[in-house]
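# need coordinates for the following:
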Amino acid sequence: MADTAALPAPMPGRGRRSPLASRLRPWQRIAVDGFVALLFLVPFGSPRPHGPVTANPWLSLLVVTISVAFLARRRFPVTVFLLLTAGTLALAASPAPYNSYQPFAIMFALYTVAATRSGKVTTLAAGGILAVALVVLTAMHTSPSTTVLSAAAVAFAPAVTGYAVRQQRLHHEALAAEQAGKIEAEVTSRLAEERLRIARELHDVVAHALSLITVQAGVAVFREHEASRMRTTLASIEETGRTAMVDMRQLLGVLRGTPAPDSSGPTDLGPVPDLLDIGTLISQTAQAGLRITLREEGERRPLPTAVGLAVYRIVQESLTNVLRHARTTTGSVLLRFEPDAVTVTVANPPPPDGLPPAPPGPPGHGLRGMAERTALFGGTFTAGPAGDGGFTVAARFPA
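From the prediction side, this is the model:
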């Protein structure tokens with residue numbers, strides 16, 4: 001059996017390092033947010049030009065509260081955004097030094113909302129910040145142009161940046177999901193191909209051996225008074241069974257990846273059957289009473305191992321079908337080596353005069369398996385009744 005092919009190569013660029021923000025650990029994120037929150041408090045520790053100002057404990061508590069709430073912006077972006085907006089608006093309407101609390105905390109929170117929430121939520125949040133900024137800046141008696149530009153910068157800069165980051169992340173997630181889907185489909189396809197290979201090998205090995213054993217056992221029933229011929233038939237049955245066991249052992253060894261030691265025989269997997277083993281195969285069927293002639297045309301040349309195995313299995317399954325269904329004791333195998341292809345043809349004549357054709361049995365997998373083997377190598381396969389009433393199987397493998 002062929003080894004399973006490698007999985008698809010990763011998409012270009014997948015080996016690149018992710019952005020720094022996505023590589024930070026949770027405690028590192030909290031540390032960064034804590035440092036930023038402390039920067040928001042710097043203006044309150046600066047000396048005042050008009051001397052000390054009486055502190056308001058409630059407003060001081062509000063400053064500390066919204067600064068601590070800022071640390072939770074990644075976990076509760078919308079809630080923290082609303083709290084920071086309300087707190088910053090209240091401080092803007094308060095006396096000095098509390099009115100020096102800048103809108104940077106709101107901008108960070110708006111960026112987080114835009115990067116984690118839908119476009120509708122981002123639009124509402126940006127619109128709310130724009131309205132609040134216009135009101136506050138107008139109350140500070142700034143010029144109209146400064147008011148509009150500053151309000152737009154506070155509202156739209158973090159919203160647009162966060163929205164762009166969110167779209168990029170969604171794009172990367174979509175690409176990752178698409179790649180994962182392709183890999184899953186490829187793995188499923190490879191598994192299906194492996195199951196088909198295993199089914200074909202099991203069918204060809206087991207069906208052929210059981211057909212030989214069944215025919216020989218049926219003949220042995222009528223030789224109960226011929227001890228020597230009875231012993232010959234039983235020895236042939238034993239040999240067929242041992243050969244089938246060896247084939248099964250080889251197949252299971254390939255599936256397991258390592259050969260299983262066996263005290264009754266060698267531990268290696270053994271050679272894969274090919275064209276040279278077709279003669280042995282025909283000799284085995286002769287013991288079951290089927291006389292097959294083997295003929296070659298053209299100059300024999302080495303074939304790939306997989307192609308040689310496919311030709312061998314097609315001959316094996318065809319002879320099995322002759323034993324089971326043809327009701328004849330003769331047949332022929334033709335191997336034709338052409339310059340650009342190799343062709344195998346297995347034919348059997350019609351049943352002798354007066355012998356009715358075999359009744360149709362349940363549909364099997366033999367012909368389908370042979371067609372699949374041929375298609376794997378880009379070849380052509382035909383099987384059907386011949387002009388003389390017999391049956392012909394032909395497979396052509398391109399060189």
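# where does the closest residue to Ala371 other than its chain neighbours land on pLDDT?
Once flanking residues are discounted, Ala371 sits nearest to Phe381: 4.5 Å by CB to CB, 6 or more residues apart in numbering. Quick note: C-beta positions are derived from backbone N, CA and C, even for glycine. Looking at Phe381, its pLDDT is 95.
# point out where the stretch 151-300 of the chain drops to low pLDDT.
Along the stretch 151-300 of the chain, the parts satisfying pLDDT under 70 run over 203, 205-208, 210-212, 214-240, 242-271.
# identify the residues contacting stretch 138-157?
Stretch 138-157 has contacts (CB atoms under 8 Å, 6 or more residues apart in numbering) with 92-93, 103, 106-107, 110, 126-127, 129-130, 133-134, 137.
# tell me the buried residues in stretch 280-298?
With burial defined by 16 or more other CB atoms under 10 Å, the residues of stretch 280-298 counted as buried are 281-282, 284-285, 287-288, 290, 292.
# now stretch 114-131
Buried residues in stretch 114-131 (16+ other CB under 10 Å): 114-117, 122, 125-126, 128-130.
# likewise for stretch 296-309?
Buried-residue list, stretch 296-309, by 16+ other CB under 10 Å: 303, 306-309.
# relative to the whole chain's centre, how far out is that stretch?
Between the centre of stretch 296-309 and the centre of its chain there are 35 Å (CA atoms, centre = their mean, to the nearest Å).
# and that stretch, end to end?
In terms of CA to CA, to the nearest Å, the two terminal residues of stretch 296-309 are separated by 17 Å.
# same question for stretch 84-98.
End-to-end for stretch 84-98, by CA to CA: 14 Å.
# am I right that Thr142 sits in a strand?
No - assessed by DSSP: H, G, I helix; E, B strand; the rest coil, Thr142 does not belong to a strand; its assignment is coil.
# next, count neighbours for Phe76.
Residues contacting Phe76 under the criterion other CB atoms under 10 Å number 14.
# check the residue nearest to Asn321 when sequence neighbours are not counted and give its pLDDT.
Of all residues not flanking Asn321 in the chain, Gly366 sits nearest, at 5.9 Å (CB to CB, 6+ apart). pLDDT, Gly366: 78.
# wait, Gly366 sits on Leu323?
No - using CB atoms under 8 Å, Gly366 is not in contact with Leu323; the gap is 11.6 Å.
# in the stretch 1-150 of the chain, which spans are helices?
For the stretch 1-150 of the chain, the helices defined by DSSP state H, counting those that start in this stretch cover 20-23, 26-40, 42-45, 57-69, 77-92, 104-116, 119-139, 144-221.
# how near is the residue nearest to Asn321 to Ile278?
17 Å (CB to CB, to the nearest Å).
# repeat that for Ala386.
Ala386 is 21 Å from Ile278, by CB to CB.
# now do Thr116
The value you get for Thr116 to Ile278, if CB to CB is used, is 69 Å.
# then Gly369?
Note on Gly369: its distance to Ile278, by CB to CB, is 18 Å.
# Val272 too?
13 Å.
# the more surrounded of these two?
Neighbour totals were compared for Val272 and Ile278, and Ile278 leads with 22 against 14 (other CB under 10 Å).
# ok so, going back, determine which two of the buried residues of stretch 114-131 are furthest apart.
Thr116 and Leu130 (20.1 Å; CB to CB).
# isn't there a helix covering the residue nearest to Ala371?
No - per three-state DSSP, Phe381 lies outside any helix segment and is strand.
# touching, it and Gly366? I think so.
No - applying CB under 8 Å as the test, Phe381 and Gly366 come out as separate, 11.9 Å apart.
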